[in-house]
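Asks: How does the following fold in three dimensions:
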Amino acid sequence: CKPEPPGPAPQPARPGKCPESPFPAAALPQSIPFHGRATHTARRRSRTRRRRAAAPAPSTAALADRVEDCYASIARRRRTTGPRHAPLEDRDWIVADLHMHTSWSHDCSIDVDDLLDHAEARGLGAIAVTDHNVLGGALEAVERARGRRLIVIPGEEVKTAGQGEVIGLFLREEIPRGMSFGETVDAIRAQGGLVYLPHPFDRLHAIPDPATLHRHLAEIDVLEVYNARLLFEAYNDEALRFARKYNLVAGAGSDAHVLAGVGTGAVRLRRFDGPEEFLVSLHEAEVLRRPKSLVYLQGLKWVAQAK
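Replies: Reported below is the predicted structural model:
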């Protein structure tokens, strides 16, 4: 038998061209036509949803454990910087009444010396003398208090032009009444004083309207959240909510016009020296409410005025 002639020698693949596959074309995966891709994606998502639905849901306890582990991991990465110390923590605690009057006010008959003696007898460590539209009483109190442990903050309760009253604390010069709310605030700040807004929601007296109050919100250093002479406690509660909403420093005072009223509204804070330390200390202060009968206090005021 004659041997079969050898077949043609395999040709090398041309550069840039893939050799033919040894598998039949039917066995190769086919690409998805463009018009069928959306259907394919929808089927894949449907299968994923069915698998997720069939999987057992984690229990609430398991989720809680995972969250706790996560927070524990974060806490382990937290840097420790040593114990934190509160500012002025080495100072003693005092009680301060931040709003009161002397005989320099037209509606008060308290002598300055009597006020200082009574404040110390009541256990106060600081007072703010805030007479109506005059600074003389506060400056006199500062001079008479030299040599005492009692701190006297010179202040003035200034009547604005139709927008209530503004108290300036740590003043050096008297501020005239009758200016706009903004001008009064500027005059207080111009001499390094602090802006203290008294009884901001007492609608039985003139108060700033909402637009004025919000326009000058950033310039208010202290908001009085408790005034012991307000007829309706709801006005104090409203001031407290407002201070918390806008993160304002809270203050409190008796607004005393008779000696019996001194200390009925106050704050407990660390002893301070100057306006800067006062604000720092006031941030951690506790508001003290020590109300007395308004009928009794108002009766004493009328008797004193009659004399």
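
Asks: Point me to the residue sitting closest to the centre of this structure.
Replies: For the chain, Asn247 is the residue whose C-alpha lies nearest the centre (CA atoms, centre = their mean; 1.7 Å).

Asks: can you tell me how far that residue sits from Arg91?
Replies: From Asn247 across to Arg91, the span is 24 Å (CB to CB, to the nearest Å). Quick note: C-beta positions are derived from backbone N, CA and C, even for glycine.

Asks: Find the residue closest to Leu88 in space, skipping its chain neighbours.
Replies: Closest residue in space to Leu88, ignoring its immediate chain neighbours: Arg270 at 4.1 Å, by CB to CB, 6 or more residues apart in numbering.

Asks: give me the beta-bridge partners of that neighbour?
Replies: Going by DSSP bridges, Arg270 is paired in beta bridges with Trp93.

Asks: For burial, what's the neighbour tally of it?
Replies: The number of residues packed near Arg270 is 21, by other CB atoms under 10 Å.

Asks: cool, and Tyr235?
Replies: Neighbourhood size, Tyr235 [other CB under 10 Å]: 20.

Asks: That one sits in which helix or strand?
Replies: Counting by DSSP states H and E, the element that carries Tyr235 is helix 233-245.

Asks: Kindly state the pLDDT recorded for Cys1?
Replies: Confidence at Cys1, expressed as pLDDT, is 51.

Asks: wait, I meant Arg47
Replies: Note for Arg47: predicted pLDDT of 80.

Asks: so how far is Ala54 from it?
Replies: Counting by CB to CB, the gap between Arg47 and Ala54 amounts to 11 Å.

Asks: More neighbours: which of the two?
Replies: The residue with more neighbours, out of Arg47 and Ala54, is Arg47; 10 against 7, by other CB under 10 Å.

Asks: Could I get the phi/psi values of the more buried one?
Replies: phi -60, psi -40 (degrees, to the nearest 10).

Asks: do the same with Ala266
Replies: Dihedral pair for Ala266: phi -160, psi 180, per degrees, to the nearest 10.
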